[in-house]
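[1] sequence and predicted structure below; questions after.
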Amino acid sequence: MRQIKRRIYPIEENCMGCRLCEVACAVEHSRTKDPIAAFLEEDWEPFSHTVVEMMGPISFSLSCRHCDEPYCVEACISGALRVEDDGRVVVYEEVCVACGMCVVSCPWGAIKPRKRNGVVKAAKCDLCPDREVPACVAACPNRALIFDTALGPGLEKVEEEEIIEG
Amino acid sequence: MLYDSVFVFPNFEVERNYERCIVCKACVQQCTFDATFYLPYRGRVVSKDTNCVGCRRCEAICPTGAIKIRRYQGEFKENAYWTPRDLKDLYKQAEQGGVILTGGGNDRPYPIYWDHILLDACQVTNPSIDPLREPMELRTYLGRKPDRVEIEYNDEGEPELKTRIGPNLVAEVPVIFAPMSYGALNLNMHRAEAAAAKAMGTYWNTGEGGLHRELYPYGDHTIVQVASGRFGVHAEYLQVSAAMEIKIGQGAKPGIGGHLPGGKVDEEISKTRMIPVGSDALSPAPHHDIYSIEDLRQLIYALKEATNYEKPVSVKIAAVHNVAAIASGIARAGADIIVLDGFRGGTGASPAIVRDNVGIPIEMALAAVDQRLRDEGIRNWVSIIAAGGIRNSGDVIKAVALGADAVYIGTAALLAVGCTLCHKCYTGKCAWGITTNDPYIAKRLNPEIAAERLTNLLKAWAHEMKEMLGLMGINAIESLRGNRLRLRAVGLTREEMDILGILPAGA
């Protein structure tokens, strides 16, 4: 089984705190994927999986690390959180019972409850399955987010590492 | 507005389309001049027009295109003599009693001679060259050239150069990044300039604020400046460089020194400039050890002595009225390169009245200096670098044809990395992260992206220059230097054409 590790890395030195990554994430995870409609017109509240953490001159955009041994998966009582073959940690919303265990167990604070259509479910970075490059990486104007698609360890052949900068 | 002086009128207005504004507050976070606010009780982002400097950072960053910065629509009573700018400046001075500061270059509507000069091209009788098919050389050697070349034959009968040729800079593109100090710019911009200069085989100039130790590996592509304040000058600084430059004057503020406010002098700048943290860095107006050409000669040779005569020494002067005679003196003082900085040249901070009223156009100064040095038979002693308002590759080609060996680009380099000419460099709050040392704002200039953009700019100009050389049937830029027959003037007076040494169109 090929295991491709795909991760978003924040580059603290380049982050200027504009929060366009949050806007892009919210737009990508909206009903219409239209920036104005997503924020002003939709019945879903705009919701970003990535959060720009700021303190003085330091800031960076933090989203799910897609850990190799995720605490959230361990903590999940219903089996809604799983590690996919490609290394992504994914929420199966139909199984999620919104108990909040993943939220409290994540050391990065990368999982948050999201209310949609009156129902609360765990929500976290899904690495934008519909896009080649995650929305936050594509939207970053200062290359403060890097999308790394390296192959994981323990594989026969490591292909050339591809890094897409945002 | 409430609590403001009644004499403050805005220059710009921020037009926000609330049907598009998604209240992401990116504009609030990016505005460094406090012109944009979020009002939680209204759930809206609003603007204070009097604070807006027109840098358009908010407009650029807005994800929904909700913001437009417009020139302030409210108008004073029409007056052909007193412009709104005069009125606003006068009100400001009446309020504060101080000198009006500004950054950037002279933006007043003086004549632009570049735009009155046209280039020649080959037709029928002299073939043009296709630069994509045939070799085309932009390589330029900067420094002293010998009066004559002597050849001797060695034991095997092969010719060898007997004349010893002094140190020369080799620029693959005759475009060099102008001196802009660390302090005026932040380290990210210096990193970008150094990387771009190295990538393109050209040079960048440190300005008077010294060279950060992190950039010593780029020394081969660095011209280090020795200015009146002598900030950051030490033996290692000179030795690591490719060339040394004595700054006498600056086009934006000839005859005026520099002032880096203490607030900008942080730990790194303090180490680089060799002054205490938080102390003002005051560069005197003149060099207090240079009151004559003879004094200048002493400093030139002190620098040469310090570097074992291995590096060329350049002298930078502002283009002023008797520039040709001064340049002749500089050439005779032993300089290898003379930099002429025209009145359009930029600055990090200057009194607006000086920037707008002092100096002469670089086109005139360049033509006058080149002609004077040729008349005196010493043109080969020095290379001339033209600086101050070079906007595009056309200006570069025209400058070379008027007699320059290379040009400096300062404003153009800043434009390449985002500058919008708001002329607020002196505030240290540049919203594009260029002329600021606030660690948070400086992060906006990613040195990697900036270096790529500068490299792209030079590549683009190099392509264009090759095209222009080709259409003139010239295959090396050195063949165009001082070749004023390839220039024609439109709309200039006889005197102007005489000084520029060019013929009118049709002649």
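    Perfect, I can see it now. Numbers count the residues shown, from 1 in each chain, chains lettered A, B, ... in the order given.
[2] and the residue nearest to the spatial centre of chain A, how far is that from residue A:61?
    The residue lying closest to the centre of chain A (Cα atoms, centre = their mean) is residue A:125, at 2.0 Å. The gap separating residue A:125 from residue A:61 is 11 Å, by Cβ to Cβ, to the nearest Å. From N, CA and C alone the C-beta is placed, and that goes for glycine too.
[3] which element is residue B:196 on?
    Residue B:196 is part of helix B:187-200, with elements assigned from DSSP states H and E.
[4] what sits up against the helix or strand following that helix?
    Once the chain leaves helix B:187-200, the next helix or strand it forms, by DSSP H and E, is strand B:204-205. Applying Cβ atoms under 8 Å, 6 or more residues apart in numbering or on different chains, the external contacts of strand B:204-205 come out as B:176-180, B:190, B:193-194, B:196-197, B:218, B:221-225, B:245, B:408.
[5] those residues in strands, which ones?
    B:176-177, B:222-225, B:245, B:408 (DSSP state E).
[6] for ChimeraX, write the select line for the buried members of those.
    Only the buried entries of those go into this ChimeraX selection, using 16 or more other Cβ atoms under 10 Å in any protein chain shown:
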select /B:176,177,222,223,224,225,245,408
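[7] okay, now residue A:92: neighbour count?
    By the criterion of other Cβ atoms under 10 Å in any protein chain shown, residue A:92 has 14 neighbours.
[8] that one reaches residue A:80, doesn't it?
    Yes: with contact defined as Cβ atoms under 8 Å, residue A:92 reaches residue A:80; the gap is 4.9 Å.
[9] out of everything not next to it in sequence, what's closest to residue 71?
    Since you didn't name a chain, this refers to chain A. Excluding the flanking residues, the one nearest residue A:71 by Cβ to Cβ, 6 or more residues apart in numbering or on different chains is residue A:105, at 4.4 Å.
[10] not quite, go with chain B.
    Counting by Cβ to Cβ, 6+ apart, residue B:12 is the residue found nearest to residue B:71 once chain neighbours are left out, at 6.4 Å.
[11] contact partners for the one you found?
    Residue B:12 neighbours (Cβ under 8 Å, 6+ apart): B:49, B:52-54, B:69-72.
[12] and what of residue A:24?
    Per Cβ under 8 Å, 6+ apart, neighbours of residue A:24: A:135-136, A:138-139, B:63.
[13] got those residues as a markdown table, with distance to residue B:419, secondary structure and neighbour count columns?
    Shown next, in a markdown table, are the contacts of residue A:24 (distance: Cβ to Cβ, whole Å; DSSP: H, G, I helix; E, B strand; the rest coil; neighbours: other Cβ atoms under 10 Å in any protein chain shown):
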| residue | distance to residue B:419 | secondary structure | neighbour count |
| --- | --- | --- | --- |
| A:135 | 29 | helix | 25 |
| A:136 | 27 | helix | 30 |
| A:138 | 25 | helix | 18 |
| A:139 | 23 | helix | 21 |
| B:63 | 22 | coil | 20 |
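[14] turn those into TSV, including distance to residue B:420 and pLDDT.
    Converted to TSV, the contacts of residue A:24 look like this (distance: Cβ to Cβ, whole Å; pLDDT from 0 to 100):
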residue	distance to residue B:420	pLDDT
A:135	27	96
A:136	26	96
A:138	24	95
A:139	21	95
B:63	19	95
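[15] out of those, flag the one nearest to residue B:468.
    Among those, residue A:138 lies closest to residue B:468 (Cβ to Cβ), at 37.8 Å.
[16] do I have it right that that closest one meets residue A:131?
    Yes: between residue A:138 and residue A:131 a contact is recorded at 7.3 Å, counting by Cβ under 8 Å.
[17] find residues that contact each of residue A:125 and residue A:61.
    In contact with both residue A:125 and residue A:61: residue A:50, using Cβ under 8 Å, 6+ apart.
[18] related to what we said a few turns ago, out of the contacts of strand B:204-205, who's near chain A?
    Contacts with chain A within these, counted by Cβ under 8 Å from any Cβ of the partner chain: none were found.
[19] circling back to that earlier point, nearest to residue A:99 among the contacts of residue A:24?
    Within the contacts of residue A:24, the smallest distance to residue A:99 is 27.4 Å, found for residue A:136 (Cβ to Cβ).
[20] ok, now which ones touch the closest one?
    Residues in contact with residue A:136, defined by Cβ under 8 Å, 6+ apart, are A:8, A:21-22, A:24-25, A:50, A:61, A:63, A:145, A:166.
[21] if we use 10 Å, what do you get?
    For residue A:136, the contact set (Cβ atoms under 10 Å, 6 or more residues apart in numbering or on different chains) comprises A:8, A:10, A:20-26, A:28, A:48-50, A:52, A:61, A:63, A:125, A:127-128, A:144-145, A:147, A:166.
[22] same thing with residue B:173?
    Residue B:173 is in contact with B:138-140, B:197, B:200-203, B:393, B:396, B:406-407, B:458-459, B:461-462, B:465, B:477, counting by Cβ under 10 Å, 6+ apart.
[23] interface residues of chain B facing chain A?
    Contact residues (Cβ under 10 Å from any Cβ of the partner chain) of chain B with chain A: B:17-27, B:29-30, B:57, B:60-66, B:188, B:433, B:438-449.
[24] now, the residues you listed that are in strands?
    Secondary structure from DSSP E places none of the residues of chain B next to chain A in strands.
[25] low-confidence stretches in chain A?
    A:1-4, A:150-166 (pLDDT under 70).
[26] tell me where it has strands.
    Here chain A has its strands, by DSSP E, at A:7-10, A:51-55, A:58-62, A:81-83, A:89-91, A:112-116, A:119-123, A:145-148, A:163-165.
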